[in-house]
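Asks: Here's my sequence, what's the structure:
(one chain, ligands or ions: 1)
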Amino acid sequence: MRGVRVACSGCGATVDPVETLPFRCPNAADGDGIDHVLARRLTEPPAPPDRDGDNPFLRYRRRLLAYHLALKLGLDDDDFCAIVADLDASIAKVDGRGFRVTPFAPADGLAAAAGLPSETEIWVKDETGNVSGSHKARHLMGVMTYLRVLESAGAPLASGLRDRRLAISSCGNAALAAAVVARAANWPIDVFIPPDAEPAVTRRLERLGANLNVMHRQPGQAGDPCYLGFRQAVAAGGLPFGVMGNEVGLALEGGYTLGWEMAEALADAELSVNLLAVQVGGGALGSACHQGLREGLSASPRLPRLFTVQTMGAHPLKLAFDRFKAERSGNLEDDLARAAQARARFMRPWPDEPKSVAHGILDDETYDWLALVEGMAATEGDALIASEEELREANRVARETTGVRASHTGTAGLAGLLGYLRRSRTHDVRAIVLFTGIARD
Ligand SMILES: Cc1ncc(COP(=O)(O)O)c(C=O)c1O
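Replies: Numbers count the residues shown, from 1 in each chain. Now for the predicted structure:
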């Protein structure tokens, strides 16, 4: 297909999205040790934004796989815009708002309130006002747009799709986002959530008509019970509608819009940033921001250093990155290729039931770990851990200085950044953090 290409970053298999859903690598087999993730890559320089559009899925449409697919299937620019606009209008009916470019600006006084030199500039991308109250809906809007293009064009791949229920495993925000988008598209959805999901989230999921499956951890069970439930639903014919790159590779692309929006704003302001600190659960957010910035900033010489942030309670990515660094040979590409063939040597499920005030990032595994390892290694970043005290303090300072009612998960990237800047005494900092989710208490 012109403009984009979908290939597995683990085994190299390519997928034609006209014929095969670009979700799970066709070669993925449990236990083969390979890190299969289908990645969409542009084959041409990123098209400039359409500055008339304030919906990111219209503004950057010429970079989207679904857009190239639409053209390939005989639809035109107007058809594609109508598909996105219809979906967005339905989402607005369900959720009270559709997709719009979200605020991104330096947070005055945030660094000083945290005891850092006042010239430290911290830019905040605020996703708390995004559809369903977090950034997660971006991932799923990208996937649903692709499915709607298949349907609208009457592609052979669309036949029977509607008979398959959507399925997602999530501890809250992703489930909510998926349920909003599914409801707007009038598509039934099965959601696998843990018993301690926030009651406000569960109530809203019920009101959205999602079929809830509360998954309890069985004694001695390895791996996330919600993920196992989701896998069973998919094996029984369900359509994966989650944000894990290994299951729905295409889900990452909707998240790239975050990076594109930030890159465009920085280019307009003629500024560069030297640091991106991002909270990591399953890893889709971090890898999408990094890749989106890479595409959006393709004209600038240097990408911000990528710092991932996890909790003391669960930091499988930090351990994987430490193992990766310990085995470095010197050539990053070779090292990454080797790691992609031996996933379990690096990324291992967290052994205990994790706890943290930032409960949205307690995934047992970082599903998109290798893209993050690549990002950290390539930009001389690092994998950080934030303590519970740091997570609480960052949230308090964030809310007091910006007035944004973000959750602890939502400000976890800031917690990691503040800890890092205090320890390293880094100067001349212009950093990005994302307030990714609203507090629902
Ligand atoms: C508010 C919020 N921020 C960040 C994350 C982390 O995103 P990811 O799981 O893609 O790493 C999550 C995940 O649930 C979340 O809910």
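Asks: From the ligand, how far out is the residue nearest the centre of the chain?
Replies: Residue closest to the average C-alpha location in the chain (C-alpha atoms, centre = their mean): residue 285, at 2.6 Å. Note on residue 285: its distance to the ligand, by C-beta to the nearest ligand atom, to the nearest Å, is 4 Å. (C-beta placed from N, C-alpha, C; glycine too.)
Asks: Same check on residue 423?
Replies: As judged by C-beta to the nearest ligand atom, residue 423 and the ligand stand 23 Å apart.
Asks: check which helix or strand covers that residue.
Replies: Take DSSP states H and E as the rule and residue 423 turns out to sit in helix 412-424.
Asks: helices or strands up against that helix?
Replies: Judged by 3 or more C-beta pairs under 8 Å, 6 or more residues apart in numbering; DSSP states H and E, helix 412-424 is in contact with strand 275-279, strand 305-311, strand 382-386, helix 388-402, strand 430-435.
Asks: mind checking which of these is nearest the ligand?
Replies: With C-beta to the nearest ligand atom as the measure, strand 275-279 is the member of these nearest the ligand (4.8 Å).
Asks: Now do that closest one: everything it contacts.
Replies: Under the criterion C-beta atoms under 8 Å, 6 or more residues apart in numbering, residues 285-286, 289-290, 293, 304-310, 358, 360-361, 381, 384, 409-410, 412-414, 416-417, 420, 426, 429-434, 436 lie in contact with strand 275-279.
Asks: Just the buried subset of those, please.
Replies: Neighbour counting by 16 or more other C-beta atoms under 10 Å classes 285-286, 289-290, 293, 304-310, 358, 360-361, 381, 384, 409-410, 412-414, 416-417, 420, 426, 429-434, 436 among the contacts of strand 275-279 as buried.
Asks: tell me the pLDDT at the residue nearest to residue 277 when sequence neighbours are not counted?
Replies: The spatial neighbour of residue 277 that comes closest, neighbours along the chain excluded (C-beta to C-beta, 6 or more residues apart in numbering), is residue 417 at 3.7 Å. On the pLDDT scale, residue 417 is placed at 98.
Asks: Can you read off the backbone torsions of the closest residue to the ligand within the chain?
Replies: Going by C-beta to the nearest ligand atom, the ligand is nearest to residue 437 of the chain, at 2.6 Å. Taking degrees, to the nearest 10, you get phi -150, psi 150 for the backbone angles of residue 437.
Asks: burial of it, as a residue count?
Replies: Neighbours of residue 437 under the rule other C-beta atoms under 10 Å: 28.
Asks: Go ahead and confirm it touches residue 409.
Replies: Yes: assessed by C-beta atoms under 8 Å, residue 437 is found in contact with residue 409 at 5.6 Å.
Asks: intersection of neighbour lists for the two?
Replies: Common neighbours of residue 437 and residue 409 (C-beta under 8 Å, 6+ apart) are 173, 360.
Asks: So which residues of the stretch 101-250 of the chain form strands?
Replies: 104-106, 121-126, 166-169, 189-193, 211-214, 239-240 (DSSP state E, counting those that start in this stretch).
Asks: winner for burial among these?
Replies: Comparing the strands of the stretch 101-250 of the chain by mean neighbour count (mean count of other C-beta atoms under 10 Å), strand 166-169 comes out on top with a mean of 28.
Asks: Give the other helices and strands that that one contacts.
Replies: With contacts defined as 3+ C-beta pairs under 8 Å, 6+ apart, the packing partners of strand 166-169 are helix 173-184, strand 189-193, helix 225-235, strand 239-240.
Asks: and these, which one's lowest on average pLDDT?
Replies: Among those, helix 225-235 scores lowest, at a mean of 93.
Asks: what about residue 95, how many neighbours?
Replies: Neighbour count of residue 95, defined by other C-beta under 10 Å: 22.
Asks: Name all residues that make contact with the spatially closest residue to it that is not a sequence neighbour.
Replies: Excluding the flanking residues, the one nearest residue 95 by C-beta to C-beta, 6+ apart is residue 180, at 4.9 Å. Contact analysis of residue 180 by C-beta under 8 Å, 6+ apart lists 91, 94, 95, 131, 132, 137, 208.
Asks: Report the separation between residue 180 and residue 410.
Replies: Here residue 180 is placed at a distance of 18 Å from residue 410 (C-beta to C-beta, to the nearest Å).
Asks: How about residue 323: what's its closest non-neighbour residue?
Replies: residue 346 is the one closest to residue 323 (C-beta to C-beta, 6+ apart), at 4.9 Å.
Asks: OK, contacts around the one you found?
Replies: Applying C-beta under 8 Å, 6+ apart, we find residue 346 in contact with 320, 323, 324, 339, 369, 373.
Asks: Just to check, the third one is in contact with residue 335?
Replies: Yes: with contact defined as C-beta under 8 Å, residue 324 reaches residue 335; the gap is 7.1 Å.
Asks: and for those two, which residues touch both?
Replies: Taking C-beta under 8 Å, 6+ apart as the contact rule, residue 324 and residue 335 both touch residue 377.
Asks: Close to the ligand: what parts of the stretch 101-250 of the chain are there?
Replies: Taking C-beta under 6 Å from any ligand atom, the part of the stretch 101-250 of the chain that reaches the ligand is made up of 134, 173, 174, 243.
Asks: wait, the stretch 251-400 of the chain
Replies: When proximity is defined as C-beta under 6 Å from any ligand atom, the stretch 251-400 of the chain approaches the ligand at 279, 280, 281, 282, 283, 284, 285, 286, 360, 361.
Asks: Quick one: mean pLDDT over stretch 139-155.
Replies: Mean pLDDT, computed over stretch 139-155, is 98.
Asks: how many neighbours does the residue nearest to residue 90 when sequence neighbours are not counted have?
Replies: Residue nearest to residue 90 in three dimensions, not counting chain neighbours: residue 184, with 3.8 Å by C-beta to C-beta, 6+ apart. Around residue 184 there are 24 other residues, counting by other C-beta under 10 Å.
Asks: check contacts around residue 184.
Replies: Shown in contact with residue 184 (C-beta under 8 Å, 6+ apart): 87, 90, 91, 93, 94, 95, 144.
Asks: Remind me what the helix or strand containing the second one packs against, helices and strands.
Replies: Assigned by DSSP H and E, residue 90 belongs to helix 77-95. Packing partners of helix 77-95 (3+ C-beta pairs under 8 Å, 6+ apart): helix 56-59, helix 65-72, helix 136-152, helix 173-184.
Asks: which residues touch the shortest one?
Replies: Contacts of helix 56-59 with the rest of the structure, by C-beta under 8 Å, 6+ apart, involve 49-51, 53, 64, 81, 84-85, 88, 99-101, 138, 141-142, 145, 254, 257, 260-261.
Asks: how about stretch 272-288: buried residues?
Replies: Neighbour-count burial for stretch 272-288 flags 273-288 (criterion: 16+ other C-beta under 10 Å).
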